[in-house]
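J.: Sharing a model prediction with you, sequence too.
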Amino acid sequence: MRLLTGASSSFVFAPISVVPFGATVVLAEGYNTKRAVSWVHAWTVTDGVITHVKEYLNTSVTVKRFASAVDGDGDSPSTSPPPNCQSVWQSKVWGKSVVPALVLAL
């Protein structure tokens, strides 16, 4: 808890990359060499202020964008799965070759 609140300075979150997805989601990725920990933050931004943060440690994160499907009349959403599930970003696996994988849907 001391690391998450900033009360301890033994873990430094220095992003290696920051990637925006539209106006509301930003991903930051980094690696702490002292502790051999890779991390990804998913930030939700509202009116220019970070309002929500999700943090993933030693986890491979893939972001996929799901396109909505419409039925034959073009008006209502289809009940079938989206035809377009585009992978738009994947974290780098720093330090470890085998880590759990997670998919974030946009």
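T.: Received, thanks.
J.: What ranges in this structure fall below the confidence cut-off?
T.: Within the chain, the stretches with pLDDT under 70 are 1-12, 67-84, 93-98, 106.
J.: Please enumerate the strands of it.
T.: Applying DSSP state E to the chain gives strands spanning 17-21, 25-32, 37-46, 49-57, 60-66, 85-90, 101-105.
J.: Let me have the ones you listed in JSON lines, adding mean neighbour count as columns.
T.: Backbone N, C-alpha and C define where each C-beta goes, glycine included. Shown next, in JSON lines, are the strands of the chain (neighbours: other Cβ atoms under 10 Å):
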{"stretch": "strand 17-21", "mean neighbour count": "13"}
{"stretch": "strand 25-32", "mean neighbour count": "18"}
{"stretch": "strand 37-46", "mean neighbour count": "18"}
{"stretch": "strand 49-57", "mean neighbour count": "12"}
{"stretch": "strand 60-66", "mean neighbour count": "17"}
{"stretch": "strand 85-90", "mean neighbour count": "12"}
{"stretch": "strand 101-105", "mean neighbour count": "13"}
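J.: May I have the beta-bridge partners of Val26?
T.: Under DSSP bridges, the beta-bridge partners of Val26 are Pro20, Trp43.
J.: can you check the one 4 residues further on too?
T.: When assigned by DSSP bridges, Gly30 has beta-bridge partners Trp39.
J.: so it sits right up against Trp39, yeah?
T.: Yes - contact criterion Cβ atoms under 8 Å: Gly30 and Trp39 qualify, at 5.6 Å.
J.: Overlap of the contact sets of these two?
T.: With contacts taken as Cβ atoms under 8 Å, 6 or more residues apart in numbering, Gly30 and Trp39 have Phe13 as neighbours in common.
J.: Sounds good, over and out.
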